[in-house]
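Chemist: attaching a predicted model along with its sequence, questions to come.
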Amino acid sequence: MVRKLFEKERAREIDKCSNIINSEVFSERDITFLPEPVQKYFKVCGYMGRPKIFNADVIWKKSFIKLSPEKGWTELETRQFNSVIEPVRIAYMKALSMPLQVRDIYRDGQGHMYGKLFNLIPVVNAKGKEISQSSLITLFTEILFIPSYSLQSYIKWEPIDSVTAKARFIHKNIDVTGTFHFDETGKFSRFETNDRYYNKKGGKFIKKRFSAIADSYLEKDGVQIPNKVRIIWHLDNGDYDYFKGEIGNIIYNIRD
């Protein structure tokens, strides 16, 4: 079953974290090398003095996907797990209007999207260079949702100005860049990259501008987390809103 595959892979990643001693907290010394707006984000969103994060469950309250620019929105049940020390992202998505389940993973430099109809008939089995790079970029968009990612050696930061910073994500054989934008309060508002592959009809992959937008924030246990988010492809014939959702919570440092 697709759901069981997600649960098995999540448990495997959690087990890798079993020996991590979670006594360190985010400090000024940790963030001094970061560009000005990223430092401000840590402070404004309440992470300073809190435990550093080694993994997280992202709890989606609502989520929707548009399978092509011409189609309408499909509502999803979405579960997501991220790990930090070695970058990992695993998501389970179940369509509520059709018998389709999908597991999407980035791990060890490889991306893989696998899906079944009726939990029996394989209909998606996407992998390869373009899928791996695109899967890593999905994780890239979330490095401020789970901000310990920002401190890892595979992320290289470059300052731009007081509300913008560029980052380079280098992992295994993948090397991509993106730009992070922040609003006047210091919260992350938009990520943009030109390094993600768009799958055109006929199976041809081309790079297109890609954005992730955080429209609002929610306070949970003294931390400001992104709440309503959108994913957009910027195509030649106009913008294609691909995904939208509402995060209800992010639970950090999962051990079971």
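Modeler: Here it is on my side, so go on.

Chemist: quick check: mean pLDDT of whichever strand in the chain runs longest?
Modeler: Determined from DSSP state E, the single longest strand within the chain is strand 238-252. The pLDDT scores in strand 238-252 average 97.

Chemist: list the buried residues in that strand.
Modeler: In terms of neighbour count (16 or more other CB atoms under 10 Å), strand 238-252 has its buried residues at Tyr240, Tyr242, Phe243, Lys244, Gly245, Glu246, Ile247, Asn249, Ile250, Tyr252. (Each C-beta comes from the backbone N, C-alpha and C, glycine too.)

Chemist: now stretch 148-160
Modeler: So, applying 16+ other CB under 10 Å, buried residues of stretch 148-160: Ser148, Tyr149, Ser150, Leu151, Ile155, Trp157.

Chemist: regarding the third one, what is its secondary structure?
Modeler: Recorded secondary structure, Ser150: helix (DSSP: H, G, I helix; E, B strand; the rest coil).

Chemist: close enough to count as contact, it and Leu144?
Modeler: Yes - contact criterion CB atoms under 8 Å: Ser150 and Leu144 qualify, at 6.6 Å.

Chemist: just the C-alpha atoms of the helix or strand of the chain with the lowest mean pLDDT, please, in PDB.
Modeler: Within the chain, no helix or strand scores below strand 121-127, which has a mean of 86 by mean pLDDT, DSSP states H and E. Extracted in PDB, the C-alpha atoms of strand 121-127 (Å, rounded to 0.1, in the frame of the first residue of the first chain):
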ATOM      1  CA  ILE A 121      -2.700  -0.200 -10.200                       C
ATOM      2  CA  PRO A 122       0.600   1.600 -10.600                       C
ATOM      3  CA  VAL A 123       0.000   4.800 -12.600                       C
ATOM      4  CA  VAL A 124       3.000   7.000 -11.500                       C
ATOM      5  CA  ASN A 125       6.600   5.800 -11.300                       C
ATOM      6  CA  ALA A 126       8.700   9.000 -12.000                       C
ATOM      7  CA  LYS A 127      12.400   9.100 -11.300                       C
END
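
Chemist: next helix or strand past it?
Modeler: Counting by DSSP states H and E, the next helix or strand C-terminal to strand 121-127 is helix 129-140.

Chemist: buried set for that following helix?
Modeler: For helix 129-140, a neighbour-count test (16+ other CB under 10 Å) marks Glu130, Ile131, Ser132, Gln133, Ser134, Ser135, Leu136, Ile137, Thr138, Leu139, Phe140 as buried.

Chemist: phi, psi of the nearest residue to the third one once chain neighbours are set aside?
Modeler: Counting by CB to CB, 6 or more residues apart in numbering, Ser132 lies nearest to Gly111, which is 4.0 Å off, once chain neighbours are set aside. Here the main-chain torsion angles of Gly111 (degrees, to the nearest 10) amount to phi -110, psi 150.

Chemist: max-length helix in the chain?
Modeler: Secondary structure assigned by DSSP state H gives helix 2-16 as the longest helix of the chain.

Chemist: which residues touch the closest residue to Ala126 other than its chain neighbours?
Modeler: Ranked by CB to CB, 6+ apart and with sequence neighbours excluded, the top spatial neighbour of Ala126 is Met113, at 4.3 Å. Listed by CB atoms under 8 Å, 6 or more residues apart in numbering, the contact set of Met113 reads Val102, Arg103, Asp104, Ile105, Val124, Asn125, Ala126, Lys127, Ile131, Ser135.

Chemist: tell me the one of the buried residues of stretch 148-160 nearest Leu120?
Modeler: Using CB to CB, Tyr149 comes nearest to Leu120 of the buried residues of stretch 148-160, at 36.2 Å.

Chemist: the closest one and Leu34, how far apart?
Modeler: Using CB to CB, to the nearest Å, one gets 12 Å for the distance from Tyr149 to Leu34.
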